[in-house]
Structures are given as C-alpha cells and as structure tokens.
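J.: my questions concern the predicted model and sequence given below.
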Amino acid sequence: MKLKSLFFLFSIVLFISCGSSKTVIKDDASLSAAKDIVTSHDKAAPSFNTLASRVQVLYEDEKKVQSITASLRMEKDRIIWIKASILGITLAKVLITPDRVSYYESITKTYFEGDFELLSDLLGIEIDFKKAQDILLGQSIFNLHPSEYNISLIQDKYKLLPKNQEENFIHSILLNMDNFKVNSETISQPKDQRLLTVRYGEYQQVEGGFYPSEINIAATEKEDRTKIELNYKRIDINPSLSFPFNIPKGYEEVEFNSVK
C-alpha cells in the first residue's frame with residue numbers, strides 16, 4: 001500500500017524543517033523558555049464551535065497535476081467534513097469523527113470506512129482526529145511537553161527538537177515568534193525512506209483567531225513523490241452547518257491489507 005494512495009484523505013498531514021544559523025537557549029532558562037513557548041502555542045489554538053471554508057487544492061505527483069475546489073466544514077472536536085469537486089461535480093467526500101474515518105470517490109465508485117488504527121498502520125504514523133484537526137488549524141500534532149524538547153532560535157522562529165529522537169521517527173517543529181503558530185513540521189522515517197512535510201504560509205486573523213491561509217504538503221516514499229497545496233479562500237466562523245454523508249449504493253469497498 002503506497003502512502004500517496006491515501007493522500008487525499010490526509011490533505012490533512014505534515015511537515016519540513018529548516019537550517020541556518022541558530023542560537024541555543026541554554027541552562028536554567030531553557031526549561032522556563034520551553035514552558036512559555038509551549039503555553040503560548042496552546043493558547044494560539046483558535047476558539048470556535050463551527051467553521052466553514054472554501055479551499056483550493058492543487059495536487060501533483062509523477063503522473064499528473066490537478067486543481068480542485070474543496071468545501072471544508074468542521075465542528076470543533078467532533079466532525080471534519082470535506083467535499084472535493086471540479087466544475088461543480090462532486091469527486092469525493094470525507095467524513096472524519098473521533099472514532100471513524102469514511103470517504104468515497106465518485107470516479108472510481110469506491111469507498112472506505114474504518115478506524116484510525118488501520119490508517120495509522122498504513123501510514124506508519126499515529127493518526128487520530130485531534131491530529132487531523134490540528135493540522136488544518138496550524139497547531140502541532142505532537143504532544144509538546146517542555147521537559148522533552150530542546151529550544152533554539154533560527155532567525156525569527158523557535159525550533160523545537162526532541163531531546164530523545166526515535167531511530168525511525170525523527171521530527172522537528174518550527175513555531176512563529178509573532179503568533180506562536182506552526183511554521184513547519186517534519187517527520188522522517190529513514191528505514192522506510194519516507195519523509196512527510198508541511199509548511200504553512202501567512203496566517204489570517206478571523207474573529208480574533210489565527211487560521212492558515214496556505215498549507216504546502218509534501219510526501220516522499222522511496223521513488224514516489226506527492227505534493228499538495230491548500231489555499232483557504234474564505235473562512236466563516238460559527239455558521240449553521242450540516243454534514244451530509246451517505247455512501248452511494250453500488251460502490252465497492254476498498255480494503256487495505258499491507259504497507260509496501
């Protein structure tokens with residue numbers, strides 16, 4: 001099972017780190033600084049009940065480049081709903097809840113229903129509802145415990161690196177200094193020749209909260225390369241929403257059995 005075959009579903013996933021000159025925050029000031037930075041990042045999470053947005057999606061792999069329009073709806077901590085369309089024709093729908101992931105594609109007439117455990121196994125990365133939501137909102141998917149991270153300054157960014165990296169799960173985080181939102185994150189799995197990256201563009205302020213304007217996602221797995229660019233055209237906060245989702249009759253269920 002190749003990573004990019006699930007990539008539309010996780011137009012919702014991550015990251016890239018940067019180099020350059022840096023200043024390390026040392027000694028007793030380090031833990032205090034880390035606590036302040038992590039607290040500020042947590043507070044930067046936007047507060048809302050519902051959210052609706054139109055998102056322009058540019059998809060590129062070795063074989064094709066495709067631009068589609070997606071409608072994104074969210075009920076915070078409960079539902080993520082995405083409808084992808086082109087020229088007004090529905091191509092796919094995704095419904096994500098805290099315990100289930102469902103989607104169907106109109107062209108292939110296929111669908112998937114399952115839990116996050118299966119998707120986590122396929123992707124090689126632990127995925128759950130909160131992580132999906134955090135990516136869309138510019139929050140880190142990692143549990144940022146200050147005592148577990150080293151902090152350094154890179155130009156106008158805070159770089160967070162785990163003090164103890166796993167051998168086949170190497171990650172880093174860059175936070176903006178002005179709003180403490182994620183600038184970029186990266187996950188590398190060298191043994192599997194995987195690199196998953198997300199870089200955020202400028203943030204827009206809507207009703208007092210900071211939301212992404214642009215998310216650039218890149219994934220490589222061995223020789224396969226996939227890029228997705230998400231541009232939020234408009235964000236409405238707390239509109240009245242519905243989340244219609246019914247898998248059409250006659251669609252074939254997709255079964256995932258192994259990871260290549």
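T.: Right, received. Where do you want to start?
J.: ranges for the helices of the protein?
T.: Counting by DSSP state H, one finds helices in the chain at the ranges 27-43, 116-123, 129-137.
J.: for the longest one, buried residues please.
T.: Residues 30, 33, 34, 37, 38, 41 are the ones in helix 27-43 that count as buried (16 or more other C-beta atoms under 10 Å). Quick note: C-beta positions are derived from backbone N, CA and C, even for glycine.
J.: my guess is the fourth one meets residue 153, correct?
T.: No: with contact defined as C-beta atoms under 8 Å, residue 37 does not count as touching residue 153 (10.5 Å).
J.: what's the weakest-modelled helix or strand in the protein?
T.: strand 23-24 (a mean of 40; mean pLDDT, DSSP states H and E).
J.: tell me where the model's unsure across the stretch 51-200 of the chain.
T.: The model of the stretch 51-200 of the chain has pLDDT under 70 over residues 118-125.
J.: returning to that earlier point: nearest to residue 187, out of the helices of the chain?
T.: helix 116-123 (10.1 Å; C-beta to C-beta).
J.: distance of residue 186 relative to residue 172?
T.: 5 Å (C-beta to C-beta, to the nearest Å).
J.: please apply the same query to residue 35.
T.: Distance of residue 35 to residue 172, computed by C-beta to C-beta: 19 Å.
J.: repeat that for residue 47.
T.: Per C-beta to C-beta, residue 47 is found 27 Å from residue 172.
J.: do I have it right that residue 226 meets residue 219?
T.: Yes: under the criterion of C-beta under 8 Å, residue 226 makes contact with residue 219 at 4.8 Å.
J.: of those two, which one has the most company?
T.: Neighbour count, other C-beta atoms under 10 Å: between residue 226 and residue 219, residue 219 has more, with 26 against 20.
J.: contacts only, for residue 98.
T.: 77, 78, 128, 129, 130 (C-beta atoms under 8 Å, 6 or more residues apart in numbering).
J.: give me the buried positions along stretch 235-242.
T.: Buried residues in stretch 235-242 (16+ other C-beta under 10 Å): 235, 237.
J.: which one of residue 47 and residue 172 is surrounded by more residues?
T.: residue 172 (20 against 10).
J.: show me the contacts for the more buried one.
T.: By C-beta under 8 Å, 6+ apart, the neighbours of residue 172 are 17, 159, 160, 161, 185, 186.
J.: quick check, nearest of those residues to residue 73?
T.: residue 185 (24.3 Å).
J.: surely that closest one and residue 173 touch.
T.: Yes: contact criterion C-beta under 8 Å: residue 185 and residue 173 qualify, at 5.1 Å.
J.: let me know how buried the nearest residue to residue 179 once chain neighbours are set aside is, in neighbour terms.
T.: What sits nearest to residue 179 in space, not counting adjacent residues and going by C-beta to C-beta, 6 or more residues apart in numbering, is residue 210, at 5.0 Å. By the criterion of other C-beta under 10 Å, residue 210 has 20 neighbours.
J.: which strand residues bridge residue 210?
T.: residue 205 (DSSP bridges).
J.: ok, back up a step: farthest pair within the contacts of residue 98?
T.: 78 and 128 (13.4 Å).
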